[in-house]
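Student: What shape does this take:
(chains A and B)
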2 protein chains.
Amino acid sequence: MFDNLSKIKLKLNEQHLDALLITSVPNITYLTGYSHFSKEEREAFVILTKNQQYIVTDARYSEAVKKHVPRFILLEVSPQNRFEQIGRDLVKTYSLKRIGFEEQNITVAEHKKLSKLHDPNHFTTCIPISNLVESIRIIKEPKEIQKIEQSCNLGDKAFEYILKKITLGISELELAFELEFFIKKHGANLSFPSIVAFGPNASIPHHQISEQELNNNEFVLLDFGVLLDDYCSDMTRTVFFGKATDEQKKMYNTVLESQKRAFNLLNTKYLIPNTKTKTIKAKNIDKAARDYIISQGYPSIPHSLGHGIGIEVHESPRLSPISKDELKPGMVFSLEPGIYVPNFGGVRIEDLIVIEPSGPRYLTHASKHLIEI
Amino acid sequence: MFDNLSKIKLKLNEQHLDALLITSVPNITYLTGYSHFSKEEREAFVILTKNQQYIVTDARYSEAVKKHVPRFILLEVSPQNRFEQIGRDLVKTYSLKRIGFEEQNITVAEHKKLSKLHDPNHFTTCIPISNLVESIRIIKEPKEIQKIEQSCNLGDKAFEYILKKITLGISELELAFELEFFIKKHGANLSFPSIVAFGPNASIPHHQISEQELNNNEFVLLDFGVLLDDYCSDMTRTVFFGKATDEQKKMYNTVLESQKRAFNLLNTKYLIPNTKTKTIKAKNIDKAARDYIISQGYPSIPHSLGHGIGIEVHESPRLSPISKDELKPGMVFSLEPGIYVPNFGGVRIEDLIVIEPSGPRYLTHASKHLIEI
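Tutor: This next block holds a predicted model:
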């Protein structure tokens, strides 16, 4: 990930920052390649100056950081050498005047402490910065896309495995457990708690997994992701346990067609020769899928069409009616249209897409024909 | 959990607040009993006024919240009715002047948005509040202690189970997987990613679990916790695979004795009749354990002696040399002394303790005699 540092340092220059304090754990993972810090507690900080990069952590992590993050200078915090002191020392050493901090990550209480770094002798001020590292992260390097694809591949295999476990009377919890078991046996983790929803439960987009047992002639919605080598996948498949009625088939095929329309609109952009900028508004892709579902007499999708993914399972860009994001080569995101009919059932189909210079490409490959078990 | 609301409303009065905005997910769980909101994304808010309580969330959670949190008024956010609008409406309805927010949870970016609630017509201001709900959560209700004890009981059973799985050549990852499998098969979750460390790896207090295989004559350190019914347990046991040398036995027994000394110091407080206040400084308990380890010629514990536990695996109080906390009846916390000798091995023994009106009591019961396998 080290190459990305130079891109961030360019941004520091653009924003006239002498240094940037990075506290977001996904951003620290992105920059250092080290992913074992807790998101719940402040265990590490990264400080970038124009010519140097520091990682600040405590004795519990020193050995690991020295080994895995050799290109960062380790500064060890301890009761004798607190973060505030380390900060003040750096301010002096480099005569730092403008220090950026991540305003979406630093709390109001932490900001109070940070304000103490203001040093009148050095005219130091701390400046709230928004989405600086994220604006680099949104465009994935080939290595990152490869990692996401590996996670997707294991997800595809997990889906194939779980199909064999779908039997009459199995509970949502049991099925989710089988899924988790398979993924962990393959050396990976879940990227989020799986959603497994049977029958009417599938009509709740974020159904809380339950003891519900599978009955005949029900939809089975499976939404899950793999976390492998620090990168996430995310996929949803809906299969039918029994023989689907024409109404159920229509519902399924409408969702499938709506996803295709979103993909095709993206693809079209790349099929037209000599298009100057290979970008497209995210909200237009959302609209293509959404409008088709409405045109078939179904309620609009009660969530956005998709989200970026990478180190985090939800990151930029967002594909929604109010999104201002533009989709560009190097972006990886989900397309996940759905139809939900209360007390009847629901269908969602979710795949990950990467935009390559030549056009969009699916990263998930599990079958999308309506599977009847 | 509803009874705790009245305690919090008393605090609102004390601090002259007309309302309190609660955004910390563990605090929302504590107040509502509903624990399915993501900690990574803002999915819900709680707003307490003097006489009413609101829960603000989106359509994905509405049905569940209506069902599980009936004593809170549900306000649904949507693109048409954003949080800012809901906030402004409440400010008008109740003529709210002083609104507290959780300064340890609200980010600088969110604070900017919150500032827009300032309404000159109502002289509204947002006031940073620190640890208000946490100051109630630190003293556990009997029902909460019961839940923690249930998690501890399952942890004890998991330890008994895992002892049978400790065999030559098994890897740390495999053993951790067995532990997780057992806990999940019993309907619970891990309260944090388990630490399993063999031999020299046990000398790293926060060892990152690896493919390391078990050799003969090594320490096996197991630090894990159960999350059941929203409450966490946390325990560490160190066993020996093979026949421990006198040196290894001394190391083990020193840690065990150090924990006993901490417990006994707590206990003494309750044995002395007519002691007016049944409180004791957390740092003195830490000192009792730490001093004993040093007195035996070992390095000081490179972490604190213990931490509070409940809805979160780490919460107040803290038992460390710099802690200002006082230990009181109703508190639940860990006692986890350890000795770590680089390239040799490490021993940590961790139990949970509750302070009851009659004195401290262990919540974990797994054997602490040095087990040789």
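
Student: quick one, helices of the stretch 101-250 of chain A?
Tutor: When secondary structure is read from DSSP state H, counting those that start in this stretch, the stretch 101-250 of chain A shows helices at A:108-115, A:132-137, A:142-163, A:172-185, A:246-271.

Student: Low-confidence bits of chain A, can you list those?
Tutor: A:1-2, A:118-122, A:271-278 (pLDDT under 70).

Student: quick check: domain ranges of it?
Tutor: What the record gives for chain A is the domain set A:3-137, A:142-362, from automatic domain parsing.

Student: for those domains, which one sits closest to residue B:6?
Tutor: Between residue B:6 and the domains of chain A, the tightest spacing by Cβ to Cβ is seen for domain A:3-137, at 26.3 Å. C-beta: built from backbone N, CA, C; applies to glycine.

Student: Mean neighbour count, the domains of chain A: which tops it?
Tutor: domain A:142-362 (a mean of 19; mean count of other Cβ atoms under 10 Å in any protein chain shown).

Student: Format the helices of the stretch 101-250 of chain A as TSV; extra columns: distance to residue A:94.
Tutor: Formatted as TSV, the helices of the stretch 101-250 of chain A follow (distance: least, Cβ to Cβ, whole Å):
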stretch	distance to residue A:94
helix A:108-115	17
helix A:132-137	19
helix A:142-163	31
helix A:172-185	45
helix A:246-271	45
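
Student: Among those helices, which comes closest to chain B?
Tutor: Minimum separation from chain B across those (Cβ to the nearest Cβ) falls at helix A:108-115, 4.2 Å.

Student: Just want the angle from that closest one to helix B:108-115.
Tutor: 120 degrees (axes from the mean of the first three to the mean of the last three Cα atoms, to 10 degrees).

Student: need the residues of chain A near chain B, please.
Tutor: With Cβ under 8 Å from any Cβ of the partner chain as the criterion, chain A meets chain B at residues A:36, A:39-41, A:59-61, A:63-64, A:79, A:101, A:103-109, A:111-112, A:128, A:130, A:173, A:177, A:180-181, A:184-185, A:187, A:204-206, A:208, A:302-303, A:312, A:314, A:321-322.

Student: what's stretch A:111-119 in contact with?
Tutor: With contact meaning Cβ atoms under 8 Å, 6 or more residues apart in numbering or on different chains, stretch A:111-119 is reached by A:21, A:84, A:87-88, A:91-92, A:99, A:101, A:106, A:124-126, B:103, B:108.

Student: Recalculate using a threshold of 10 Å.
Tutor: Contacts to stretch A:111-119, defined as Cβ atoms under 10 Å, 6 or more residues apart in numbering or on different chains, come from residues A:21, A:23, A:82-84, A:87-88, A:90-92, A:95-97, A:99, A:101, A:103, A:106-107, A:124-126, A:128, B:103, B:106-108, B:111, B:128, B:130.

Student: show me what contacts the nearest residue to residue A:148 once chain neighbours are set aside?
Tutor: Distances taken as Cβ to Cβ, 6 or more residues apart in numbering or on different chains place residue A:231 nearest to residue A:148, at 4.8 Å, with adjacent residues excluded. Taking Cβ under 10 Å, 6+ apart as the criterion, residue A:231 is in contact with A:29, A:35, A:140, A:143-152, A:191, A:309-313, A:332.

Student: Over to residue A:11?
Tutor: Contact partners of residue A:11, counting by Cβ under 10 Å, 6+ apart, are A:17, A:20, A:48, A:100, A:129, A:132-133, A:135-136.

Student: go on, residue A:292?
Tutor: So residue A:292 contacts A:254-255, A:257-262, A:298, A:337 (Cβ under 10 Å, 6+ apart).

Student: Now with 8 Å, please.
Tutor: With contact set as Cβ under 8 Å, 6+ apart, residue A:292 has these partners: A:254, A:257-258, A:261.

Student: these two touch, right, residue A:141 and residue A:3?
Tutor: Yes - between residue A:141 and residue A:3 there is a contact at 7.4 Å, judged by Cβ atoms under 8 Å.

Student: just to revisit the earlier point, for residue B:162, which of the domains of chain A is the nearest?
Tutor: domain A:142-362 (16.1 Å).

Student: Could you tell me how far that closest one lies from the centre of the chain?
Tutor: Distance, stretch centre to chain centre, for domain A:142-362: 13 Å (Cα atoms, centre = their mean, to the nearest Å).

Student: what's the answer for stretch A:65-74, then?
Tutor: For stretch A:65-74 - counting by Cα atoms, centre = their mean - the centre lies 26 Å from the chain centre.

Student: Can you measure across it, start residue to end residue?
Tutor: With Cα to Cα, to the nearest Å as the measure, stretch A:65-74 spans 7 Å from end to end.

Student: Equivalent analysis for stretch A:99-116, please.
Tutor: First-to-last residue span, stretch A:99-116, Cα to Cα: 12 Å.

Student: Tell me where the stretch 201-350 of chain A has strands.
Tutor: A:218-224, A:226-228, A:231-232, A:235-241, A:280-281, A:306-308, A:315-319, A:326-327, A:332-335, A:338-341, A:345-348 (DSSP state E, counting those that start in this stretch).

Student: so which of the ones you listed gets nearest residue A:363?
Tutor: Of all the strands of the stretch 201-350 of chain A, strand A:332-335 sits nearest to residue A:363, with 7.0 Å by Cβ to Cβ.

Student: quick one: contacts of that closest one?
Tutor: So strand A:332-335 is contacted by A:140, A:144-145, A:148, A:234, A:259, A:262-263, A:285, A:289, A:305-310, A:317, A:319, A:327, A:350-355, A:363 (Cβ under 8 Å, 6+ apart).

Student: Need the CA coordinates for it. CSV is fine.
Tutor: What follows is strand A:332-335, C-alpha atoms only, in CSV (Å, rounded to 0.1, in the frame of the first residue of the first chain):
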residue,chain,number,x,y,z
VAL,A,332,-15.6,-1.4,-7.0
PHE,A,333,-19.2,-1.4,-5.8
SER,A,334,-22.3,-3.5,-5.4
LEU,A,335,-25.5,-3.6,-7.6
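
Student: which SS class is residue A:54?
Tutor: strand (DSSP: H, G, I helix; E, B strand; the rest coil).

Student: Which positions are bridged to it in the beta structure?
Tutor: residue A:47, residue A:73 (DSSP bridges).

Student: quick one: residue A:358 and residue A:270 touch, right?
Tutor: Yes - if you go by Cβ under 8 Å, residue A:358 and residue A:270 touch, sitting 6.3 Å apart.

Student: before we move on, the earlier item: among the contacts of stretch A:111-119, which lie within strands?
Tutor: Per DSSP state E, strands hold the following members of those: A:21, A:99, A:101, A:125-126, A:128, B:128.
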